[in-house]
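Student: Okay, here's the prediction I keep looking at, along with the sequence it came from:
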Amino acid sequence: MRLWVCVVLLSTVLCASADRPAILQGMIRAGQFVRDAAGGSWDMYRAYRDMREANYKGADKYFHARGNYDAARRGPGGAWAARVISDARENWQGGVSGRGAEDTRADQEANAWGRSGGDPNRYRPKGLPSKY
């Protein structure tokens, strides 16, 4: 009886420490990617909401960089979500806002700066309340 208990305990320890099957590892990575993407989307929304609330002239590049920075810090899924949302926003605004290609290029530069881990405060205008 004791021998069987030892065999069961040893088997449990060995199975618990063994590598997970590749399919399970893939599912876990996919779940993490989706979770990061959802969190990154929330980060982008929060930056947009703060930009609208602040309504501060010249602060849009800061909020673009900050949203991308926060999203990318979550991981590959967050960086992916930030890129997709930023590109979609700039493509839509390019035809609607009338601000032109120069503003779109500057927005995309701020987006890329934030996604690459650059400090969003590079784009922070003087006088923007510290709440943001």
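Tutor: Yes, it's here.
Student: Can you get me the centre-to-centre distance for the longest helix seen in the chain and its chain?
Tutor: Determined from DSSP state H, the single longest helix within the chain is helix 22-54. How far helix 22-54 lies from its chain's middle: 5 Å, per Cα atoms, centre = their mean, to the nearest Å.
Student: Check which helices and strands it sits against.
Tutor: helix 60-72, helix 76-96 (3 or more Cβ pairs under 8 Å, 6 or more residues apart in numbering; DSSP states H and E). For the C-beta atoms, the positions are set from N, CA and C on the backbone; glycine is no exception.
Student: Kindly calculate the angle that the first one makes with helix 76-96.
Tutor: Same thing as helix 60-72. 150 degrees (axes from the mean of the first three to the mean of the last three Cα atoms, to 10 degrees).
Student: Could you tell me the angle between helix 60-72 and helix 22-54?
Tutor: Angle between the axes of helix 60-72 and helix 22-54 is 160 degrees (criterion: the same axes, to 10 degrees).
Student: which helices and strands sit right next to helix 60-72?
Tutor: helix 22-54, helix 76-96, helix 101-115.
Student: what residues does that helix touch?
Tutor: For helix 60-72, the external contacting residues (Cβ atoms under 8 Å, 6 or more residues apart in numbering) are 39-41, 43-44, 46-48, 50-51, 54, 78-79, 81-82, 86, 106-107, 109-125, 128, 132.
Student: That helix versus helix 101-115: what angle between them?
Tutor: Using the same axes, to 10 degrees: helix 60-72 against helix 101-115 is 30 degrees.
Student: Distance from helix 60-72 to the middle of the chain?
Tutor: On Cα atoms, centre = their mean, the centre of helix 60-72 falls 9 Å from that of its chain.
Student: CA atoms only: put that helix into PDB for me.
Tutor: Output in PDB follows, covering the C-alpha atoms of helix 60-72 (Å, rounded to 0.1, in the frame of the first residue of the first chain):
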ATOM      1  CA  ASP A  60      -3.400  65.500 -29.200                       C
ATOM      2  CA  LYS A  61       0.100  64.100 -30.000                       C
ATOM      3  CA  TYR A  62       0.700  63.600 -26.300                       C
ATOM      4  CA  PHE A  63      -2.500  61.600 -25.900                       C
ATOM      5  CA  HIS A  64      -1.700  59.600 -29.000                       C
ATOM      6  CA  ALA A  65       1.700  58.700 -27.700                       C
ATOM      7  CA  ARG A  66       0.400  58.000 -24.200                       C
ATOM      8  CA  GLY A  67      -2.400  55.600 -25.400                       C
ATOM      9  CA  ASN A  68       0.000  53.700 -27.600                       C
ATOM     10  CA  TYR A  69       2.700  53.600 -24.800                       C
ATOM     11  CA  ASP A  70       0.200  52.200 -22.300                       C
ATOM     12  CA  ALA A  71      -1.200  49.600 -24.700                       C
ATOM     13  CA  ALA A  72       2.200  48.400 -25.900                       C
END
